[in-house]
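Asks: here's my sequence, what's the structure:
(one chain, ligands or ions: 1)
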Amino acid sequence: MAILKVAQLGHPILRTVSRQLTGDEIASPGFQQFCDDLLDTMLEYDGVGLAAPQVHVPLRVVVLSLTDERGPEFFINPEITVLSETTRRTWEGCLSVEGLRGLVERPDHVRVSAHDRDGARKALEIRGFGAVVLQHERDHLDGVIYVDRILPRSLVFTPEFRRWGPPEEYDDEAYEAEAEAEAEAEAEDASFLREIPS
Ligand code: NI
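Replies: Here you go, the predicted model:
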């Protein structure tokens with residue numbers, strides 16, 4: 001096991017477009033060791049997701065937890081398709097942008113197809129927070145960081161965010177009501193994540 005060094009915003013590796021892996025590469029012992037290290041690094045730093053370029057490896061691999069029940073899983077060569085026009089706003093952070101939070105609006109219903117770390121194909125339909133994490137990590141593979149997508153004037157330091165809450169323009173009743181409605185809809189919709197038979 002090894003904890004890998006996480007690149008911080010400004011390091012050119014975070015802006016590179018990562019390359020796809022072949023089936024043979026996925027099966028190789030070296031790559032399997034890398035998967036273990038990527039996961040250990042995510043857990044060490046309490047991340048909900050981590051992409052390979054964040055640890056200086058420009059390959060199309062991410063590890064993330066879609067739900068607590070599923071736990072961490074790998075998405076290799078992931079392809080995301082947006083399934084509906086509805087969006088969701090989330091206060092995102094990133095292990096490569098230490099100490100900051102910003103509000104990002106993304107599609108909240110997507111389909112992902114990818115290889116698992118054993119090389120098997122998988123496809124999932126997902127809504128809500130998991131869909132957000134997936135898109136955040138997938139962005140890293142194209143050199144895109146969440147700060148490129150934040151709503152104006154929403155960037156804040158985490159301790160200040162905890163102390164003062166969201167900036168005034170993002171703290172209105174409309175937004176809270178919307179967030180509440182979303183949370184309720186999510187709680188009701190137990191099937192927000194489903195496997196698509198391939
Ligand atoms: Ni990130």
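Asks: which residues does residue 92 contact?
Replies: Residues in contact with residue 92 (Cβ atoms under 8 Å, 6 or more residues apart in numbering) are 101, 102, 103, 104, 132, 136, 146, 150. Bear in mind the C-beta positions are built from the backbone N, C-alpha and C, glycine included.
Asks: so what's the third one up against?
Replies: Neighbouring residues of residue 103 by Cβ under 8 Å, 6+ apart: 89, 90, 91, 92, 150, 151, 154, 166, 170.
Asks: on that earlier part again, now, the contacts of residue 92 that are in helices?
Replies: 132, 136 (DSSP state H).
Asks: could you pull out the buried residues of stretch 8-18?
Replies: By neighbour count with 16 or more other Cβ atoms under 10 Å, stretch 8-18 contains the buried residues 13, 14, 18.
Asks: what of stretch 84-103?
Replies: For stretch 84-103, by 16+ other Cβ under 10 Å, it's 88-90, 92-97, 100-103.
Asks: hey, which helix or strand in this structure has the poorest pLDDT?
Replies: Within the chain, no helix or strand scores below helix 173-188, which has a mean of 62 by mean pLDDT, DSSP states H and E.
Asks: surely residue 54 touches residue 95?
Replies: Yes. Counting by Cβ atoms under 8 Å, residue 95 is a contact partner of residue 54 at 6.4 Å.
Asks: mutual contacts of those two, please.
Replies: residue 6.
Asks: quick revisit: take the contacts of residue 103 and keep only those in strands.
Replies: 89, 90, 91, 92 (DSSP state E).
Asks: which of these lies closest to residue 125?
Replies: residue 90 (18.8 Å; Cβ to Cβ).
Asks: in this protein, where is pLDDT below threshold?
Replies: In the predicted model of the chain, residues 172-191, 198 satisfy pLDDT under 70.
Asks: all helices for it, in order.
Replies: So, for the chain - with DSSP H - the helices run 23-27, 29-44, 129-140, 158-164, 173-188.
Asks: measure the closest residue to residue 41 other than its chain neighbours to residue 52 for me?
Replies: Of all residues not flanking residue 41 in the chain, residue 4 sits nearest, at 4.5 Å (Cβ to Cβ, 6 or more residues apart in numbering). From residue 4 over to residue 52 the distance is 10 Å, taken as Cβ to Cβ, to the nearest Å.
Asks: residue 81 now?
Replies: Taking Cβ to Cβ, one finds residue 81 at 22 Å from residue 52.
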